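1. Below are the sequence and a predicted model; questions follow.
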Amino acid sequence: MSDQLILDFPVETAFGKSDFFRSPANALAIDMVEAWESWPMNRLVLIGPDGSGKSHLAHIWAGLSGATLFPSSDIDVLDADAVTQRALCIEDVHLISGNMAAQTALFHIHNFAMERGTPLMMTGRGPVAGWGLTLPDLNSRLSSAATVAMEPPDDALLAAVMVKQFADRQNVITPDLISYLVLRVERSFSAARDVASALDSYAIANKRPITRRLAAEVLDNSGAQGA
């Protein structure tokens, strides 16, 4: 990769479609969301690591389909009959692995949605097989659903995620800084989030702007800087 990236993507923090940077790492997921009316059995499981844009893409789908989004923490208090009257998305389903009441509730929501032909998206971290679901019937149904993954970021997507992370923190940054960081941090969404947070905190504590010099200090101190 060259030392300079062309940063021509948006940095707004809204969950709009125009704010989602497309790259080979997420192109298939975007295509699947846009083709939501063709999902097998009207279901889709969207998986990926933390910070990969699952929630952003779920919001984009809500805009396309009119779906309602629910966090997995609300599952056990939802009325399955009521919420499946329209398209819906349950986010972070992997978090209910130890909650049998929530798993039972999702099982009923899933069945109501299938009977009615209601579009249903579910998101989670990693493959369904790794979610630790202990209700066999639910695990079987979700494992059989069409699944699309948000892949690890390439350089362009990593740069886009960093720009968004800095923008979320109201930081003024330069393309030169992003190019410098992309070459030196781990290729992961969590690393992009963590380096933006670390630089922001360090800059505030030291009352300094975020520059390459400041970034080098932070990376050196954390042992994160590579060759």
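-> It's in.
2. Tell me if residue 140 really is in a helix.
-> Yes - per DSSP: H, G, I helix; E, B strand; the rest coil, residue 140 lies within a helix segment.
3. Quick check: pLDDT value at it.
-> We note a pLDDT of 96 for residue 140 in this prediction.
4. what's the answer for residue 23, then?
-> pLDDT, read off for residue 23, is 83.
5. Just checking, which helix or strand succeeds the lowest-mean-pLDDT helix or strand in the chain along the chain?
-> Within the chain, no helix or strand scores below helix 155-168, which has a mean of 87 by mean pLDDT, DSSP states H and E. Sequence-wise, the next helix or strand downstream of helix 155-168 (DSSP states H and E) is helix 175-182.
6. what's the average pLDDT for that next one?
-> Helix 175-182 shows a mean pLDDT of 93.
7. Using the neighbour-count criterion, name the buried positions in it.
-> Neighbour-count burial for helix 175-182, counted by 16 or more other CB atoms under 10 Å, picks out 177-182. (Glycine included, C-beta is placed from N, CA and C.)
8. that older thread, orientation of the least confident helix or strand of the chain relative to helix 175-182 in degrees?
-> 120 degrees (axes from the mean of the first three to the mean of the last three CA atoms, to 10 degrees).
9. buried sites along helix 155-168?
-> So for helix 155-168, counting by 16+ other CB under 10 Å, buried means 155-167.
10. for stretch 122-140, same thing?
-> Within stretch 122-140, the residues that qualify as buried are 122-125, 128, 131, 133, 135, 138-139, counting by 16+ other CB under 10 Å.
11. quick check: domain ranges of this protein?
-> Domains of the chain are assigned by automatic domain parsing as 26-149, 153-222.
12. which of those domains has the lowest average pLDDT?
-> When mean pLDDT is averaged over each of the domains of the chain, domain 153-222 scores lowest at a mean of 90.
13. Residue 52 is in contact with residue 190, correct?
-> No - look at residue 190 against residue 52 with CB atoms under 8 Å: they stay out of range, at 9.3 Å.
14. higher neighbour count, these two?
-> residue 52 (26 against 13; other CB atoms under 10 Å).
15. I'd like to know how far that one sits from residue 149.
-> 9 Å (CB to CB, to the nearest Å).
16. where does stretch 100-107 sit relative to the chain's centre, distance-wise?
-> 23 Å (CA atoms, centre = their mean, to the nearest Å).
17. Can you lay out the domains of the chain as TSV showing distance to residue 20?
-> Converted to TSV, these look like this (distance: least, CB to CB, whole Å):
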stretch	distance to residue 20
domain 26-149	6
domain 153-222	9
